[in-house]
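Colleague: okay, here's the prediction I keep looking at, along with the sequence it came from:
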Amino acid sequence: MVESGLAGRTAVVTGGGRGIGRAIALALSQAGAQVVVADIDAGNAEAVAGEIRSEGRPADAIAVDISDVGDIERAFAAIDALGTGLDIAVLAAGVLRAKPLFDHTEDDWRFMSEVNLKGTFFTLQAAARRMAARGHGVILTLSSTSAFVASRVPEVLYDVTKGGIRQMTVSAAVELAPLGIRVNALAPGTILTDFNRSSLDTPDKIASAESRLPMGRVGTPQDVAGAAVFLCSPAASYMTGHVLAVDGGRLARAG
């Protein structure tokens, strides 16, 4: 029998205060994990943790700005203080500034690369250090179908950072596998969240997006959360260095 439950495991979810991160935090909790909801917005983190606790399951909230390496270390020290160890880290925090190539500024580059690339790397590093000391662990990053093909709307810098996360995942998986740590990524396609609501704010825009998808609908955060639980569970124990597209068939269709 394949085990899919996460009872007895502790998971941290960065970007867990809203959108896909929130859905993953809730799903991991429902699968049995003790969840630490980490988010730059302390109020959002506490709201999600409170939602979990209201259903009788354990959860903690931590505020963290992953663009600040010192703040990452402070947050992980707080997780250490819980005394449960760390089994799972889902790195869902990310930012987006959607602009045509000619309109991007140096500040846009700094903002997105510091969060999406630097922040993801140093959060992965902090999690891996703790997992290596225990001889096991699972890290899940959030890439995107934009790591494989151009985004539906012009956002080249976002695409670059998500491509970087894809390769970060593959390279880290190879290095960390001998230490008992699995590293995989999710590559969501068009998912309706606050993150991209401005580009999907009318029925016509949604219809246009859906016309590109073989399954004929945009995704929900819950669609991504189910895949996250699978990759974090023992059911995926022989998977590492994999980038799993959750995209309604987007990458399967050329053009």
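Modeller: Noted; the coordinates are in hand.
Colleague: got the contact list for stretch 115-129?
Modeller: Stretch 115-129 is contacted by residues 12, 14, 66-67, 69, 72-73, 76, 86, 89, 91, 93-95, 137, 139, 141, 158, 161-162, 164-165, 168, 172, 176, 179, 181, 183 when judged by CB atoms under 8 Å, 6 or more residues apart in numbering. No exception for glycine: its C-beta is placed from N, CA and C like everyone else's.
Colleague: next secondary structure after the helix or strand bottoming out on mean pLDDT in the chain?
Modeller: Across the helices and strands of the chain, mean confidence by mean pLDDT, DSSP states H and E is lowest for helix 203-210: a mean of 82. Proceeding N to C from helix 203-210, the next assigned helix or strand is helix 221-232, under DSSP states H and E.
Colleague: what is that following helix packed up against?
Modeller: Applying 3 or more CB pairs under 8 Å, 6 or more residues apart in numbering; DSSP states H and E, we find helix 221-232 packed against helix 19-30, strand 88-91, strand 137-142, strand 181-188, strand 243-246.
Colleague: distance from it to the middle of the chain?
Modeller: 10 Å (CA atoms, centre = their mean, to the nearest Å).
Colleague: quick one: mean pLDDT over that helix.
Modeller: For helix 221-232, the mean pLDDT works out to 98.
Colleague: list the buried residues for that helix?
Modeller: 221, 223-225, 227-232 (16 or more other CB atoms under 10 Å).
Colleague: now do that helix: everything it contacts.
Modeller: By CB under 8 Å, 6+ apart, helix 221-232 touches 4, 6, 11, 19-20, 22-24, 26-28, 31, 33, 88, 90, 138, 140, 184, 186, 188, 191, 193, 236, 239, 242, 244, 246.
Colleague: what sits against the residue found closest to Arg97 once you drop the neighbours it is linked to in the chain?
Modeller: Nearest residue to Arg97 in three dimensions, chain neighbours excluded: Asp108, at 5.0 Å (CB to CB, 6 or more residues apart in numbering). Residues near Asp108 by CB under 8 Å, 6+ apart: 97, 99, 157.
Colleague: grab the most central residue of this structure for me.
Modeller: The centroid of the chain falls nearest to Ala92 when counting by CA atoms, centre = their mean (2.5 Å).
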